[in-house]
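Peer 1: no FASTA, just this:
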């Protein structure tokens, strides 16, 4: 059970990241005027949807073995993609970035994703059925990285290696920032929930002591009711 509790948050975050990538690539597909680029974005989105589906299945399998209280914390809701920062509330990346920056984002994140999957592969085991699925996903991520690199070299041949290193460092910091934000959100939830419960108890106790007889109007002449009273 301890192993399951360790795997749940990792699979939960990975499933979110893959689904967000699918939506980002689909948005890019709809924005481009190039049929060739649109097809590439669409196939990339399709891969990412399949990846997220695989991770949600792994998550569901473990959620069924965990307690209801634990499993509830790892239930997926679409708004969590924005709340966790995987998709910006300002819009999709293709809408807020220059094309060069967007391709650099894909280029760097596919490599970062592969590194994350290597750790998950160790967690679930190389020779397991899930391990083989993750190995297949890693092949897809390397292919996506290669496609982004090919586009980069063709359209931005003057881009220097150190500039790509800056892109990668930036995305690494962003990824760590998302994890820190999520951890702080959970901490605040644990700290504030008792306060909310206490306030609700105090308000409920006060409401019980209120005399509501004044509000009973049945059989009364409303013309005789005080003007200061609430009708």
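Peer 2: Sure, I can see it. The structure displayed is predicted, hence computed values, not measured ones.
Peer 1: just checking, what packs against the particular helix or strand that has residue 21 in it?
Peer 2: Per DSSP states H and E: residue 21 is located in helix 2-31. In this structure, helix 2-31 makes packing contacts with helix 35-63, helix 80-83, helix 93-96, helix 99-124, judged by 3 or more C-beta pairs under 8 Å, 6 or more residues apart in numbering; DSSP states H and E. All C-beta atoms are positioned from the backbone trio N, CA, C, and that covers glycine.
Peer 1: and that helix with helix 99-124, angle?
Peer 2: Following axes from the mean of the first three to the mean of the last three C-alpha atoms, to 10 degrees, one obtains 160 degrees for the angle between helix 2-31 and helix 99-124.
Peer 1: which SS state does residue 85 fall under?
Peer 2: Under DSSP: H, G, I helix; E, B strand; the rest coil, the three-state class of residue 85 is coil.
Peer 1: next, it: phi, psi?
Peer 2: Here is the backbone geometry of residue 85 (degrees, to the nearest 10): phi 90, psi 10.
Peer 1: re earlier: so which bits of the helix holding residue 21 are buried?
Peer 2: Buried positions in helix 2-31, judged by neighbour count with 16 or more other C-beta atoms under 10 Å: 7-29.
Peer 1: need the contact list for the residue nearest to the spatial centre of the chain.
Peer 2: Nearest residue to the geometric centre of the chain (C-alpha atoms, centre = their mean): residue 81, 3.3 Å. Taking C-beta atoms under 8 Å, 6 or more residues apart in numbering as the definition of contact, the neighbours of residue 81 are 16, 19-20, 23, 87.
Peer 1: cool, and residue 50?
Peer 2: For residue 50, counting by C-beta under 8 Å, 6+ apart, there are no contacting residues.
Peer 1: find me the pLDDT at it, would you?
Peer 2: Turning to residue 50, the model gives it a pLDDT of 95.
Peer 1: do the same with residue 30
Peer 2: The model reports residue 30 with a pLDDT of 92.
Peer 1: show me the contacts for residue 17.
Peer 2: Neighbouring residues of residue 17 by C-beta under 8 Å, 6+ apart: 86, 113.
Peer 1: measure the residue nearest to residue 16 when sequence neighbours are not counted to residue 53 for me?
Peer 2: If you skip the residues right next to it in sequence, residue 16 has residue 86 as its closest partner in space, 5.2 Å away by C-beta to C-beta, 6 or more residues apart in numbering. Counting by C-beta to C-beta, to the nearest Å, the gap from residue 86 to residue 53 is 16 Å.
Peer 1: who has more neighbours, those two?
Peer 2: Under the criterion of other C-beta atoms under 10 Å, the comparison of residue 86 against residue 53 puts residue 86 first, with 18 against 14.
Peer 1: ok, now which ones touch the more buried one?
Peer 2: By C-beta under 8 Å, 6+ apart, the residues touching residue 86 are 16-17, 19-20, 178.
Peer 1: redo that, cut-off 7 Å
Peer 2: If you count contacts by C-beta atoms under 7 Å, 6 or more residues apart in numbering, residue 86 has them with 16-17, 20.
Peer 1: how far does the one helix or strand residue 138 maps to sit from the chain's center?
Peer 2: With elements taken from DSSP H and E, the one containing residue 138 is helix 129-155. For helix 129-155, the gap between its own C-alpha mean and the chain's C-alpha mean amounts to 21 Å (C-alpha atoms, centre = their mean, to the nearest Å).
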